[in-house]
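Asker: Got a predicted model here, sequence first, then my questions.
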Amino acid sequence: MDRLSPKAVIFDLGSTLIEYESLAWTELMIQCSLNVKHFLHHEGYNVPEKEEFLKIFGEIQDMYRQLASEKLVEWTVPQAMKKLFKKLEIQSDNGLIDKAFKAYYKPVHERLFIYDDTLATLEKIKQKGYIIGLVSNTIFPEETHQKELKQFGIKPFLDFAIFSSTFGIRKPHRDIFYKAANLAGVAPSECVYIGDRYYEDYEGPTQVGMPAILKMVSIREYPTDMPSSIRSIENLKELKRYFDF
């Protein structure tokens, strides 16, 4: 495959620059939801028993996931919590949702880590004069990730960042990639996008003429009919196979 000559290099976040899935999401989300239950109980609210609580909160989150899957409209955990509290007849004012979200996110935050080659790769790309951006699907508020970007030393390398929870739509919707190119100040064809999910991070940018590189992750299931000719890497250091940095 021909080498690329991008003006802007745009990354996904989770499983690309930072690892969020050291524990399976299904198991992690159960821990997060139970943290909310324990928080509410500690605050003196009457909440259902474990299985019933997980059922109610799970159905609410599944409803939003279905909408996101069908319409590519993003949802957020605080949004789901507001609906949960209404169903449980709990007043959600006085900052209760913000406090409950902190409890929800704690198991996620405790397991985060940055890949060994992330900062070195970003530094080399920055030194070559490329514009560097970020486009991430997330159900968490942007401010949560902005803190993580600062915590792990990624933020200084970024010229812009787009989070679906703020943007309102999620990858692979073409508008989010057009927005990224617009913020980079170049045409989509002058960018390269790197991410770990085939439909969101490879087909998504490709549909707007933005070259993409798929970071293959061992825990990820990929389509059996995925073309063997796609650009792919197993770690960020391998990006040098596709463009100069």
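Answerer: Sure, I can see it.

Asker: nearest residue to residue 5 other than its sequence neighbours?
Answerer: Among residues not flanking residue 5 along the chain, residue 243 sits closest, at 6.7 Å (C-beta to C-beta, 6 or more residues apart in numbering). In short, each C-beta sits where N, CA and C put it, glycine included.

Asker: residues contacting the one you found?
Answerer: 3-6, 9, 192 (C-beta atoms under 8 Å, 6 or more residues apart in numbering).

Asker: top helix in this protein by residue count?
Answerer: helix 50-71 (DSSP state H).

Asker: related to what we said a few turns ago, would JSON lines of the contacts of residue 243 with distance to residue 31 be doable?
Answerer: Below are the contacts of residue 243 laid out as JSON lines (distance: C-beta to C-beta, whole Å):
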{"residue": "3", "distance to residue 31": "44"}
{"residue": "4", "distance to residue 31": "40"}
{"residue": "5", "distance to residue 31": "45"}
{"residue": "6", "distance to residue 31": "39"}
{"residue": "9", "distance to residue 31": "34"}
{"residue": "192", "distance to residue 31": "36"}
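
Asker: quick one, helices of this structure?
Answerer: 25-42, 50-71, 77-87, 96-111, 118-127, 142-151, 164-167, 174-184, 204-206.

Asker: Which one of these lies nearest to residue 196?
Answerer: Ranking the helices of the chain by proximity to residue 196 (C-beta to C-beta) places helix 204-206 first, at 12.2 Å.

Asker: Can you say which of the helices of the chain is packed in most?
Answerer: helix 204-206 (a mean of 23; mean count of other C-beta atoms under 10 Å).

Asker: I'd like to know which elements that helix is packed against.
Answerer: Counting contacts by 3 or more C-beta pairs under 8 Å, 6 or more residues apart in numbering; DSSP states H and E, helix 204-206 packs against helix 174-184, strand 191-195, strand 212-215.

Asker: Is it possible to get a markdown table of those that adds distance to residue 229?
Answerer: Converted to a markdown table, those look like this (distance: least, C-beta to C-beta, whole Å):
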| stretch | distance to residue 229 |
| --- | --- |
| helix 174-184 | 21 |
| strand 191-195 | 16 |
| strand 212-215 | 11 |
